[in-house]
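Enquirer: okay, predicted coordinates and the sequence, questions at the end:
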Amino acid sequence: MSEITSKTIAQLRDGFRSGEFTAREIAESFNAAVAAAKALNAYTVETPEDALAAAYAADEARGSGDLPSLAGIPLGIKDLFATRGVDTTAGSNILKGFKPPYESTVTANLRKAGAGMLGKLNMDEFAMGSSNETSAYGPVISPWRRKGSNVGLTPGGSSGGSAAAVAADLAPGVTGTDTGGSIRQPAAFVGITGIKPTYGRCSRWGVVAFASSLDQAGPMAKTVRDCAILLEAMAGFDPKDSTSLDLPVPNWEAGLSSDLRGKRVGIPKEYRIDSVPAEINALWDRGIEWLKDAGATPVEISLPHTKYALPTYYIIAPAEASSNLARYDGVRYGLRESGCDGLDGMYKATREAGFGAEVKRRIMIGTYVLSAGFYDAYFTKAQKVRALIKQDFARAFEQCDVILTPTAPSAAFGIGETTDPLAMYLNDVFAVPASLAGLPAMSVPGGLDEQGLPLGLHLIGNELDEQTVLNAGLAIEERAGFTARPEKWW
Amino acid sequence: MADAGAPFRIKGDTGEWEVVIGLEVHAQITASKAKLFSGAATAFGAEPNTQVSLVDAAMPGMLPVPNRECIRQAVRTGMALDAKINRWSRFDRKNYFYADLPQGYQISQLYYPLVGEGAIEVLADEKDESSAKTIGIERIHVEQDAGKLMHDQHPTMSYVDLNRCGVALMEIVSRPDMRSPAEAGAYLRKLRSILRYVGSCDGNMEEGSMRADVNVSVRKPGDEFGTRTETKNVNSVRFVMQVIEHEARRQVELIESGGGVAQETRLFDPDKGVTRSLRSKEDAHDYRYFPDPDLLPLELDEAFLEDCRKSIPELPDAKRKRYELMGISPYNASVLTAEVETAGWFDALLANDVDPKQASNWVVAELFGALNRLGVSIAESPVSPAHAAGLLKLVSDGTISGTIAKTVFEKMLDSGDPADVIVEREGLKQTSDTGAIDAEIDKILAANADKVEQYKAGKQQLFGFFVGQTMKAMAGKANPQVVNERLRAKLG
Amino acid sequence: MSVSSEQVRHIAKLARIGMSDAEIDALVPELNNILGWVEQLAEVNTDGVEPLTAVIEQKLRLREDQITDGNIREAVLANAPEAQHGFFAVPKVIE
Ligand SMILES: [Mg+2]
Ligand SMILES: [Zn+2]
């Protein structure tokens, strides 16, 4: 039964429906795996009873032909999603003990589709980080290790717990969120698949906000098909979110096809960076060949403002965050530290004790760039450059249907290895432009580097064209034949 | 009340000072059932924190969705103030920390307000047309109200009630066009009147539906504007006028004693009638406005604007002009149009085709007097417009005299019966029966033979005496014209 | 532009984050490093470029005016560090 946990969502769905195994067996297998993997620190809360309850319901409903799409499938939920009555802390001390009296739209949709919850997944505090080291619960340890080394590696971030859980078979699929690469970079670091849909596809209602104009939820799983299955369940119009797209959810799984004949794949020349390890650029070239083999035509494109994407992001995201995180003031929920002088003292003491170093750093940057005299020079300027970056993509998609790049400029690094904030920010150099433009983008495993660590390939699609992204991802998945699994040490 | 003729001046040791006033009025959109960005109720006076949604409490991951009715009411208000409506506007976040502000920011409109420039016509002195003046409106923007803090419930704690938090406000910003407490008072009363005609805000200052931030500065006439202070949340017309008086004097004394006026936020103490500096709000005064990323730009189409336009009622100025064209005196017209309820009652009275001039005099003199005595509002008047019309008609068609009319009205007030019924029942009809009148006249002339002599000898003024005697004898019910005719005939 | 420790102290005050002088001194070079890096945006010619308002073009929807929420005081107060008599309680505010 242990190998149940290594199955894909599609396989579990079929096995459950055909009666090969019960939903209860599935839930129990994953509950056991989760309980046995504390060393990874992937989960902040375990909810085996929740997974079992959904399983019982699925087993009972099984006879009745019309099962919802995720009946019998237990999932891990990033701690950024509000889950009714279950601790939701965004990986922060300031939300210690917060039990939302509400359920996020995305997790409510997943539950409607029959999914159960295995637990809440560890993450960088308020999704600010690329290594999961900023979590108040301590870092997640990647199940992967370098050849012949037992140095603890990061699973990437901010959805690090989500990535580790899928890679270590602690969940068949999970939710992640992506503000500037937080689904794609960790997916690449642990050799799994993750997609960030078009901004507005997944409701932000009930998802703890980091940077509202960038935040977007998405699935992470073992395969492209599993991502399609999960995204179909997560997405959908939500009148409670003013930025939610009022569009029907396409049937992405049914639309899957790795036949890319007639498709043009854009290769942006600005993404060729010398400082990036040769094997990453080599994998990129292999990716181009795979897509050609699937019938696509590569075309060189230019995204001239690429180099300004990260600086733009590190003005806009902290600015929005500095305001979004003002509500954590010790009055209505979460931590309260009684300071010296009255209300203001309470605010200062609470936020000093409740926020970690990286969150404070970003609140400080965001507060500064919005402050009197600097607003136009920083924030307005950044929103103008952001408009240019969006325009770059619009022009590019006149010449191509999907864009291929590496997901990250490096493989997973060791915990504590990257101490300079700026160096850490550079992890998202390839991921951030698509976030600024609100475009669908996904990471699929491409292979291993010579240290035996996974590397990902990154596909960026046009607005609302998740299907082409998924299809190109499927073509790569079929050709890359990525079957490597981390050796179990936990 | 300042005499509009002479400009309002503060007399200082160094000469006369002019006061410059601008008002930022926060008017709650009481016309909407729900809040600006949440589905919680707006009704006043509910149990603490019972009209609070998870959005109002700024729970993590909660998002704002704007209420169409709030936008509609703000647009209608702008149209009523002849203001420019901006088809493209945007919500910005005003960031600051306070216990009544759960989000840590107020959703407001700094850069692209919903409503642009408009104007209000005011009369600083109702009785003096020459005191007419146009006060400019700079902008109206829509924003969230904050919650309420209670400081007197606990020795070391303040209590927070979020019921009001997120209720829609219109911030109506005037130009610094006012020059006296009287003008500011007239502006506020007129603005309140227009809001109530439009129905967007009930203008209830006691319940805080209307609060004014009072910007005051002083200068020597003709000089540049001086440094202004802003006194926040003043909640009555009288207080606003007090604040201006006090601030103007305080600033003149400061300047003349060699000090300077600090640009600051101040608070009014109604008990002492003074303002004091509000330092708590002063430190770290940097709101870091930026576009709210949870919302998109607000774009209004022609259909929406047309719907707003069509729904705007006749406003006080138009009504007043219409009344004046009917021959109603300017004073009566302004009194009758000041309050939407009064104008409504009077329009209902006019609908019974009574003579407008006669009707307006009667309402202002008789009805208002009676309502004051009874201490009831016109809405609660025991006499309906229809019954009042009945009374006025009996006078105009000569059925009863003006004197009798007063008696009939009193009886209408306590019985609620229509005038004609009372006149019938009490036999108060006026008579023109020459037979009856001649009979009385003959008695009176006979009884006063001496006066008749004097009259015939040329003492014309005695005519009035004979008329009075006759009316008295007829208990006021004789038709005065007939009495005059018959007396002239008999006295030759 | 580069920030001084006075500015950082002011920003920390605006953001209501208590910080020791040591923390502030440590932040000054970090912030200057990051700000110096983001300032490369100055190179970009943005003349006549409108700042981005909506990342995916769409119109703001307006809600109907209906009371659909409220009367959930227990839920609203459930997570409060200190609630008394149906209110949130905070350290006394002196105005
Ligand atoms: Mg103001
Ligand atoms: Zn305001």
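Expert: Received the coordinates, thanks. Numbering: from 1, shown residues only, chains lettered A, B, ... in the order given. Ligands and ions are numbered 1, 2, ... in the order given.
Enquirer: count of residues packed around residue 134?
Expert: Picking chain A for this. For A:T134, the tally of surrounding residues (other C-beta atoms under 10 Å in any protein chain shown) stands at 27. Backbone N, C-alpha and C define where each C-beta goes, glycine included.
Enquirer: try again with chain B
Expert: Burial of B:T134 is recorded as 10 neighbouring residues (other C-beta under 10 Å).
Enquirer: repeat for the one 4 residues further on
Expert: Other residues near B:E138 number 18, with proximity taken as other C-beta under 10 Å.
Enquirer: where does it sit: helix, strand or coil?
Expert: Following DSSP: H, G, I helix; E, B strand; the rest coil, we place B:E138 in the strand state.
Enquirer: repeat for the one 4 residues further on
Expert: The three-state label for B:V142, taken from three-state DSSP, comes out as strand.
Enquirer: so how far is B:N204 from it?
Expert: 19 Å (C-beta to C-beta, to the nearest Å).
Enquirer: who has more neighbours, those two?
Expert: Shown here are B:V142 and B:N204; by other C-beta under 10 Å, B:V142 has more neighbours (27 against 15).
Enquirer: find the nearest non-adjacent residue to that one, please.
Expert: B:A74 (4.9 Å; C-beta to C-beta, 6 or more residues apart in numbering or on different chains).
Enquirer: centre-most residue in the chain?
Expert: Here I'm looking at chain A. A:I183 (2.0 Å; C-alpha atoms, centre = their mean).
Enquirer: the chain in question should be chain C.
Expert: Note: chain C centre (C-alpha atoms, centre = their mean) maps to C:A15, 7.1 Å.
Enquirer: any idea how far A:I26 is from the residue nearest to that one when sequence neighbours are not counted?
Expert: Distances taken as C-beta to C-beta, 6+ apart place A:T367 nearest to C:A15, at 4.6 Å, with adjacent residues excluded. Distance of A:T367 to A:I26, given as C-beta to C-beta: 47 Å.
Enquirer: check whether the top strand by length along chain C comes near chain B.
Expert: Ordering each strand of chain C by length in residues (DSSP state E) puts strand C:87-91 first. Yes - against chain B, strand C:87-91 shows contacts by C-beta under 8 Å from any C-beta of the partner chain at C:87-91.
Enquirer: can you redo those residues as CSV with pLDDT, distance to chain A and neighbour count?
Expert: CSV is the format used below for the residues of strand C:87-91 next to chain B (pLDDT from 0 to 100; distance: C-beta to the nearest C-beta, whole Å; neighbours: other C-beta atoms under 10 Å in any protein chain shown):
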residue, pLDDT, distance to chain A, neighbour count
C:F87, 98, 11, 25
C:F88, 98, 6, 27
C:A89, 97, 9, 21
C:V90, 97, 6, 26
C:P91, 95, 5, 21
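Enquirer: those into TSV, with extra columns for distance to B:G344?
Expert: Below are the residues of strand C:87-91 next to chain B laid out as TSV (distance: C-beta to C-beta, whole Å):
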residue	distance to B:G344
C:F87	41
C:F88	43
C:A89	46
C:V90	46
C:P91	50
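Enquirer: specify which member of these is nearest to B:L296.
Expert: C:F88 (31.3 Å; C-beta to C-beta).
Enquirer: tell me the confidence at residue 282?
Expert: Since no chain was named, I'll use chain A. With respect to pLDDT, A:A282 scores 97.
Enquirer: you answered for a different chain; I wanted chain B.
Expert: B:E282 carries a pLDDT value of 49.
Enquirer: now for the residues of strand C:87-91 next to chain B: which two are most distant?
Expert: Pairwise distances across the residues of strand C:87-91 next to chain B (C-beta to C-beta) peak at 13.5 Å, for the pair C:F87 and C:P91.
Enquirer: residues that sit against both of the two, list them.
Expert: Both C:F87 and C:P91 lack any common contact, where contact means C-beta atoms under 8 Å, 6 or more residues apart in numbering or on different chains.
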